[in-house]
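Undergrad: Return atomic coordinates for the entry below.
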Amino acid sequence: MAIIDAGGSARQNLPVTPPLPVRRLLAAAAVVLAAGCAPADTNTPPAAASCVPGALPTRTAGTLTVGTDQPVYPPWYLDDDPTSGKGFESAVAYAIAGELGYPRDTVNWVRAPFNAAVQPGPKAFDLNLTEFSITDERRQAVDFSAPYYDVKQAVVTLGSSPFAGATTLAGLKEARLGAQVGTTSYEAIVSQLAPSSQPAVFNTNDDAKLALTNGQVDAIVVDLPTAFFITSAELDGGKIVGQLPAGTGTPEQFGAVLDKGSPLTGCVSDAVERLRAAGTLAALEQQWLAAAGSAPELR
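TA: Residues are numbered from 1 along each chain as shown. Here you go, the predicted structure:
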């Protein structure tokens, strides 16, 4: 048996069968070497050394899996069909995929409940676009991409409501308000409109709209583009009372959700920033969200 000394030369001064203590040392060294050469844990996604187009460490090689809620609504998705490319977030998802090197036929869609998507734990998607506002609390459980949309919240009621003519936040003080559970629309009610009361919560915006129609609440809060859509196409006699002030600091922003520590996060963020720099995000916003151009701001 040849042993290589520190100088790199081979010497043959050990017997063919080493003494027991030496054999134990050699066995221990073999275990260490074997562990160092063992394959990586397949449950841990590999780190992406670079954003190689079409060759990222996605859940399924060669495929980008995008998640969204069910149902999803205009103007973010049309006809509850995220695969169509119609609606702002569907179009943005395909644009991000293209920047990452995944043409449309290599994009797979899965459904994930809104709240479950931002909870800790492994995800069934590579990234998810469902109007997820970027918050520090959510960052504890998931990664976010760079923001692809700056948004405001709006108050919606019926034209017959005594609160339809409100022009200030104080004018809504006595209103019974509601929003979808787990959303920043709900947080906006608590922080800006009714800090001393408990707003009604609903599983979906459809449930919130039904409660408004049935008189269970006086008004609901949704993001501004959704407010324009539901008052023009879904809610008979619906009216936007106004949009909530943006406040100070960073505006509310939507970002794609990824697994905590995902090797894709940096690549997805780079793709979003390239789309912003190229004017693609602005063009898609104009195409799908142009209706959300104006609404009175509540003071």
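Undergrad: quick one: residue 147 and residue 252 touch, right?
TA: No: look at residue 147 against residue 252 with CB atoms under 8 Å: they stay out of range, at 9.2 Å. From N, CA and C alone the C-beta is placed, and that goes for glycine too.
Undergrad: Would you map the helices across the stretch 51-200 of the chain?
TA: 88-99, 114-117, 136-139, 184-188 (DSSP state H, counting those that start in this stretch).
Undergrad: right, and those - which one's nearest residue 298?
TA: Proximity to residue 298 (CB to CB) singles out helix 184-188 among the helices of the stretch 51-200 of the chain, at 11.0 Å.
Undergrad: what's the offset of the helix or strand that that closest one is followed by from the middle of its chain?
TA: Once the chain leaves helix 184-188, the next helix or strand it forms, by DSSP states H and E, is strand 200-202. Chain-centre distance of strand 200-202: 22 Å, with CA atoms, centre = their mean, to the nearest Å.
Undergrad: ok, now stretch 190-204?
TA: 23 Å.
Undergrad: which parts of it are buried?
TA: Neighbour-count burial for stretch 190-204, counted by 16 or more other CB atoms under 10 Å, picks out 192-194, 199-200, 202.
Undergrad: can you give me the mean pLDDT across that stretch?
TA: For stretch 190-204, mean pLDDT is 84.
Undergrad: what's the span of that stretch from first residue to last?
TA: For stretch 190-204, the first-to-last residue distance is 18 Å (CA to CA, to the nearest Å).
Undergrad: which other residues reach it?
TA: Outside stretch 190-204, the residues that touch it by CB atoms under 8 Å, 6 or more residues apart in numbering are 71, 155, 169, 172-173, 175-181, 186, 189, 208, 211, 216-217, 221, 244-245.
Undergrad: which residues touch residue 164?
TA: 157-158, 239, 241.
Undergrad: all strands of the protein, in order?
TA: In the chain, the segments counted as strands under DSSP state E are 3-4, 10-11, 64-68, 107-111, 127-128, 142-144, 149-150, 153-158, 177-180, 200-202, 219-223, 238-243, 253-254, 257-259.
Undergrad: List the residues that contact the nearest residue to residue 254 once chain neighbours are set aside.
TA: Excluding the flanking residues, the one nearest residue 254 by CB to CB, 6 or more residues apart in numbering is residue 149, at 4.3 Å. When contacts are counted by CB under 8 Å, 6+ apart, residue 149 touches 88, 92, 253-254, 281, 285, 289.
Undergrad: And those, which is closest to residue 263?
TA: Using CB to CB, residue 92 comes nearest to residue 263 of those, at 21.1 Å.
Undergrad: so that closest one makes contact with residue 283?
TA: No: contact criterion CB under 8 Å: residue 92 and residue 283 do not qualify, at 10.8 Å.
Undergrad: any weak-confidence spans in the stretch 101-250 of the chain?
TA: Within the stretch 101-250 of the chain, the segments meeting pLDDT under 70 span 196, 247-250.
Undergrad: let's go with 90 and repeat that
TA: Residues of the stretch 101-250 of the chain meeting the criterion pLDDT under 90: 150-152, 182-184, 187-188, 190-198, 224-225, 228-229, 232-234, 245-250.
Undergrad: coming back round to it: let me have the contacts of residue 164 in CSV, extended by distance to residue 116 and neighbour count.
TA: Below are the contacts of residue 164 laid out as CSV (distance: CB to CB, whole Å; neighbours: other CB atoms under 10 Å):
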residue, distance to residue 116, neighbour count
157, 30, 26
158, 32, 18
239, 33, 19
241, 31, 25
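Undergrad: Identify the farthest-apart pair in those residues.
TA: 158 and 241 (10.2 Å).
Undergrad: on that earlier part again, using TSV, please lay out the contacts of residue 164 together with distance to residue 50.
TA: What follows is those, written out as TSV (distance: CB to CB, whole Å):
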residue	distance to residue 50
157	51
158	54
239	51
241	49
